[in-house]
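> need coordinates for the below:
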Amino acid sequence: MFVDSHCHLDRLSDQTHGGDIAATLAAARAAHVSQFLAVSVTLEDMPQLAAIARAHHDVAISAGLHPLYSVEREPSVADIKEAAEQYGAVAIGETGLDYHYRDSVPVEIQHERFRRHLIAAQELELPVIIHTREAKEETLALLREYSDPRVGGVLHCFTEDLAMAREAVRLGFYISLSGIITFRNAAPLRELACQLPLDRLLIETDSPYLAPVPHRGKPNEPAWVVPVAECIAEQRGISVDEVAMQTTANFYQLFRAAAPDAPEHVKQGLANAGLL
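Take a look at the predicted model:
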């Protein structure tokens, strides 16, 4: 059993099963992917994401505004909370800091937007989904000040260094690895996957982006979270089943609001393994 802990089902490519969400999810289920977290990048996405979740029992959603999206009016803490509560989000985000494209949204706006999301997450007691790139110290500083370690969150599609990952784990966060880990030039990320505790790792596709080897260059899809797990298993010298079971358990421990809707066979499997 696998979980795709971060995908963008409302942004699938037309090349992926003709852009048909139901067919895309069916293909993932056939590959033993049993749960999906469809992540918001703008609050305007929320009605469409909620409709997808209503149509598919194994899809949960988040509420947030990506750091690189320009908007006419910045959402307040109240706006973020209202969207999360109205549409049944299990997490806040994705949010964070991205200095690689700092010209897209000025740094000061990114900081304030991130701060508001962290406050909303804290007040709703929901985990937060973090996008961070080339902003290590600033991201950690805001997490130290505004995140709640009892609730935590995840640094998604992680590409920073081991020191940042370890500090994030100390602050109560999980580290999520994507198809990037399979890329030829990602040796430091593969080493990081061996150094971190398995019970603090998640796996994701970030589809339709960042398809793993051997699908690199194609639009990504949730079924391809499996090669991510296979790569982690190979690097750690353990079975794919162990990676699948532990990262699935990690997902439900973090995103607790999604746990009651977990498929019964998943709950039973985790219980049998002593992970739930």
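
> and the longest helix along the chain, what's buried?
Counting by DSSP state H, the longest helix found in the chain is helix 107-124. By 16 or more other CB atoms under 10 Å, the buried positions in helix 107-124 come out as Q110, H111, R113, F114, R116, H117, L118, I119, A120, A121, Q122, L124. In this view, the C-beta of every residue, glycine as well, is placed from N, C-alpha and C.

> what is the nearest of these to Y174?
A121 (14.1 Å; CB to CB).

> does the closest one touch G152 like I think?
No: taking contacts as CB atoms under 8 Å, A121 lies outside contact range of G152: 9.5 Å.

> who touches both of those two?
P127, V128 (CB atoms under 8 Å, 6 or more residues apart in numbering).

> if we can go back for a sec, what helices and strands are in contact with the longest helix of the chain?
For helix 107-124, the packing partners by 3 or more CB pairs under 8 Å, 6 or more residues apart in numbering; DSSP states H and E come out as helix 77-87, strand 91-98, strand 128-133, helix 136-146.

> measure how that helix sits relative to strand 128-133, angle-wise.
160 degrees (axes from the mean of the first three to the mean of the last three CA atoms, to 10 degrees).

> number of residues surrounding the closest residue to Q15 other than its chain neighbours?
Nearest residue to Q15, sequence neighbours excluded (CB to CB, 6 or more residues apart in numbering): P219, at 5.1 Å. Look at P219: counted by other CB atoms under 10 Å, it has 17 neighbours.

> shouldn't P219 be within a helix?
No: assessed with DSSP: H, G, I helix; E, B strand; the rest coil, P219 is coil; it does not lie in a helix.

> what sits against it?
Per CB under 8 Å, 6+ apart, neighbours of P219: L12, S13, Q15, T16, S207, P208, A211.

> returning to what we had before: a markdown table for the helices and strands packed on helix 107-124, including mean neighbour count and mean pLDDT?
Formatted as a markdown table, those follow (neighbours: other CB atoms under 10 Å; pLDDT from 0 to 100):
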| stretch | mean neighbour count | mean pLDDT |
| --- | --- | --- |
| helix 77-87 | 18 | 98 |
| strand 91-98 | 28 | 98 |
| strand 128-133 | 26 | 98 |
| helix 136-146 | 17 | 98 |
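
> would CSV of the ones you listed with distance to P188 be doable?
As requested, the helices and strands packed on helix 107-124 are exported to CSV (distance: least, CB to CB, whole Å):
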stretch, distance to P188
helix 77-87, 34
strand 91-98, 20
strand 128-133, 15
helix 136-146, 14
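
> quick one: closest of the ones you listed to D45.
Taking these one by one with CB to CB, helix 77-87 is closest: 9.4 Å.

> what is the neighbour count of the closest residue to L140 other than its chain neighbours?
Closest residue in space to L140, ignoring its immediate chain neighbours: E167 at 5.7 Å, by CB to CB, 6+ apart. Counted with other CB under 10 Å, the neighbours of E167 add up to 15.

> distance from stretch 24-44 to the middle of the chain?
11 Å (CA atoms, centre = their mean, to the nearest Å).

> again with stretch 84-102
The answer for stretch 84-102 is 10 Å, by CA atoms, centre = their mean.

> what's the answer for stretch 78-90, then?
Counting by CA atoms, centre = their mean, stretch 78-90 comes out at 17 Å from the chain centroid.

> now do the strands in this structure.
Secondary structure of the chain (DSSP state E): strands at 2-7, 33-38, 59-63, 91-98, 128-133, 153-155, 173-177, 201-203.

> so where's the protein uncertain?
276 (pLDDT under 70).

> could you redo the last one with a cut-off of 80?
102, 263, 267, 273, 275-276 (pLDDT under 80).

> for E94, see how far away the nearest residue in space to N250 that is not next to it in sequence is.
Nearest non-adjacent residue to N250, counting by CB to CB, 6+ apart: L202, 5.7 Å away. To E94, L202 is 13 Å away according to CB to CB, to the nearest Å.

> so what sits against both of those two?
H6, H156.

> and stretch 55-67, what's buried?
For stretch 55-67, using 16+ other CB under 10 Å, the buried residues are H56, D58, V59, A60, I61, S62, A63, G64, L65, H66, P67.
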